[in-house]
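# Give me a 3D structure for the following:
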Amino acid sequence: MESSDFQAVIGLEVHAQLLTRSKIFCGCSTEFGAPANHHTCPVCLGLPGVLPVLNRQVVELAVRTGLALGCQVRPRSVWSRKNYFYPDLPKGYQITQFDLPLCEHGRLEFDVGGQMRLVRIRRIHMEEDAGKTVHDAAEGESWVDLNRAGVPLIEIVSEPDLASSEEAAEYLKALRDVLVCLGVNDGNLEEGSFRCDANVSVRHREATELGTRVELKNLNSFRFVRQAVDFEVARQVDVILGGGRVVQETRLYDSVKNETRPMRSKEEAHDYRYFPEPDLPPLTLDDAFVEQARKALPELPRARHARFVSQYGLPAADAKFLVADRALADYYEAAAAKAPDARKLASWMQGEFARLLKEQGGTVSNLKVAPAQLAALLSAVDRGEVSGSAAKEVLGEMFRTGEEPAALIARKGLAQVSDAGALEAAVDEVLAKNTGEAEKYRAGKKQILGFFVGQVMKALKGKGNPALINELVRKKLGG
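Sure thing, here's the model as predicted:
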């Protein structure tokens, strides 16, 4: 056998922090970046005698996610205790859902290399996060920060339908886009609010049974998902080809060495001694609650992408860029209602607009430039009132001040010269100074047309209408 005789089988477990202001079972803040153990109370510290109280918004956001992913929402789900002992788990157990989760049997469609893929979603359940252990190798000490203990999560578990690291990464991107669009998660991998465990196995291409799976923990970037999965698939194939057997275990990915290494033997469900949480009653939802959540669903990224392509005539890549951010897509649509060309608008928003947005470290929500102002600037370009290069300068100033484009163009003296008489005079002057080049053009050296256009633009201090200049030069030189 050779390595090409094997195929990867991958399932993903995504932990997404829900966008609530308080934790799942207490009133402590979920704000990121506070001093260690600052957002804690007797409930999330697991002190004796305290009782959890369910945050209603957690349920609303979880139901919204399940509906968006085509899941069946259980009218009755049950809380469970997952028992294990880690320093960052103060109660000695995690409140989660096990045999009766909130949502089941969903699906997510996404594109890989231009081809549509569908991955089944096994379940979505709610749970609380654990704290965080911080290690200082230099001092040989470790600390426990319990700010995250009790932060609300949903865990989205896929079926093992993925066959490559590329598919895994694209699935995660599509899932993150949906969650951000729904307003249930901020999609921030660096802060740990969107993180992934990958279950990876390999099997012979003719086999029907799944191989022994290995869990890769806490992958926090799309690049690391690709690299970790690729390494692990190759490692498992090498083990089998070498006559060994893959061991079921949990492994960590070392991004510096680009390798996975053992963390612990992989637990099974019975190792956690799940049992119903005695301090929380079963969660029951009526039809009205679910229907209200369904009616509140926004247009999802995949549907919006298809509409942008058909309605605005956008290339697929342009539409994908815009719909990845709901606020950006909303901004685009508001601007497109008044812009002269929806495709040019999309091009500007991917180019200079996106560059300025990133440069200022801002978001669409706090922009000083209104959609109508961007549309007005592009209309000025379309009418020949300002050149494309000058419009970039204007847009930069609009980002800083929020000033109207027409006022900026006038104040900075950037109005484009389109007057036929002024342009013709400038062209005649340039041709008179460059008679040799003019004869070369007439003799067939057509590529020097750009030289003349550049000289005319220079004479007009960059304010000439290039299209009209081009036309006049051709006319004067005889075509």
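
# quick one: what helix or strand has residue 124 in it?
Using DSSP states H and E, residue 124 sits within strand 115-128.

# Not counting stretch 427-438 itself, show me its contacts.
448, 451, 452, 455, 456, 459, 469, 472, 473, 476, 477 (CB atoms under 8 Å, 6 or more residues apart in numbering). Bear in mind the C-beta positions are built from the backbone N, C-alpha and C, glycine included.

# rewinding a little: buried ones in the strand holding residue 124?
By 16 or more other CB atoms under 10 Å, the buried positions in strand 115-128 come out as 117, 119, 121, 122, 123, 124, 125, 126, 127, 128.

# what residues go with each domain of the protein?
3-290, 299-411, 420-477 (automatic domain parsing).

# residues making contact with stretch 268-288?
51-52, 54, 59, 63, 73-84, 95, 98-100, 102.

# Now render the domains of the chain as TSV, adding mean pLDDT.
Below are these laid out as TSV (pLDDT from 0 to 100):
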stretch	mean pLDDT
domain 3-290	93
domain 299-411	93
domain 420-477	73
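
# Now residue 100. Nearest residue, chain neighbours left out?
residue 78 (4.2 Å; CB to CB, 6 or more residues apart in numbering).

# List the contacts of the one you found.
97, 98, 99, 100, 276, 277, 282, 283.

# Could you identify the buried members of those?
For those, buried by 16+ other CB under 10 Å: 97, 98, 100, 277, 283.

# so which of those comes closest to residue 67?
residue 283 (15.9 Å; CB to CB).

# ok, how many other residues are close to residue 223?
Neighbour count of residue 223, defined by other CB atoms under 10 Å: 11.

# related to what we said a few turns ago, just flag the most distant two among the buried ones among the contacts of residue 78.
For the buried ones among the contacts of residue 78, the farthest-apart pair by CB to CB is 98 and 283; their separation is 13.1 Å.

# Now the element after the longest helix seen in the chain, going C-ward?
Identified as the longest helix of the chain according to DSSP state H is helix 222-241. Sequence-wise, the next helix or strand downstream of helix 222-241 (DSSP H and E) is strand 249-254.

# How far off centre is that next one?
25 Å (CA atoms, centre = their mean, to the nearest Å).

# And the helices in the stretch 151-300 of the chain, which stretches?
Residue ranges of the helices in the stretch 151-300 of the chain, as given by DSSP state H, counting those that start in this stretch, are 165-182, 222-241, 287-295.

# Which one, of those helices, ends up nearest to residue 338?
Between the helices of the stretch 151-300 of the chain, helix 165-182 lies closest to residue 338; by CB to CB that is 24.2 Å.

# Would you mind writing the CA trace of that closest one as PDB?
Coordinates of each C-alpha in helix 165-182 appear next as PDB, following Å, rounded to 0.1, in the frame of the first residue of the first chain:
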ATOM      1  CA  SER A 165      -7.800  20.100   5.500                       C
ATOM      2  CA  GLU A 166      -9.000  22.500   2.800                       C
ATOM      3  CA  GLU A 167     -12.600  21.400   3.300                       C
ATOM      4  CA  ALA A 168     -12.200  21.700   7.100                       C
ATOM      5  CA  ALA A 169     -10.900  25.300   6.800                       C
ATOM      6  CA  GLU A 170     -13.700  26.300   4.300                       C
ATOM      7  CA  TYR A 171     -16.400  24.700   6.500                       C
ATOM      8  CA  LEU A 172     -15.100  26.700   9.500                       C
ATOM      9  CA  LYS A 173     -15.000  30.000   7.500                       C
ATOM     10  CA  ALA A 174     -18.600  29.400   6.300                       C
ATOM     11  CA  LEU A 175     -19.800  28.500   9.800                       C
ATOM     12  CA  ARG A 176     -18.100  31.600  11.300                       C
ATOM     13  CA  ASP A 177     -19.800  33.800   8.600                       C
ATOM     14  CA  VAL A 178     -23.200  32.400   9.600                       C
ATOM     15  CA  LEU A 179     -22.600  32.900  13.300                       C
ATOM     16  CA  VAL A 180     -21.400  36.500  12.800                       C
ATOM     17  CA  CYS A 181     -24.300  37.300  10.500                       C
ATOM     18  CA  LEU A 182     -26.700  36.000  13.100                       C
END
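
# Just the buried positions in that helix, please.
165, 167-182.

# all strands for the stretch 251-400 of the chain, in order.
259-265, 275-276, 283-284 (DSSP state E, counting those that start in this stretch).

# before we move on, what about the stretch 1-150 of the chain?
Under DSSP E, counting those that start in this stretch, the stretch 1-150 of the chain gives strands at 6-17, 72-73, 76-77, 80-83, 93-96, 103-112, 115-128, 132-136, 141-145.

# The last one: partners in the sheet, and parallel or antiparallel?
Which is strand 141-145. The strands beside strand 141-145 in its sheet (DSSP bridges) come out as strand 132-136 (antiparallel).

# Quick check: buried residues in the partner strand?
residue 132.

# Kindly export that strand (C-alpha atoms) in CSV.
C-alpha atoms of strand 132-136 as CSV (Å, rounded to 0.1, in the frame of the first residue of the first chain):
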residue,chain,number,x,y,z
LYS,A,132,-7.9,29.3,31.9
THR,A,133,-4.6,28.0,33.2
VAL,A,134,-1.7,30.3,32.5
HIS,A,135,1.8,28.8,32.6
ASP,A,136,5.1,30.8,33.2
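
# which residues touch it?
Here strand 132-136 has contacts from 36, 86, 87, 88, 141, 142, 143, 144, 145, 146, 147, 148, using CB under 8 Å, 6+ apart.
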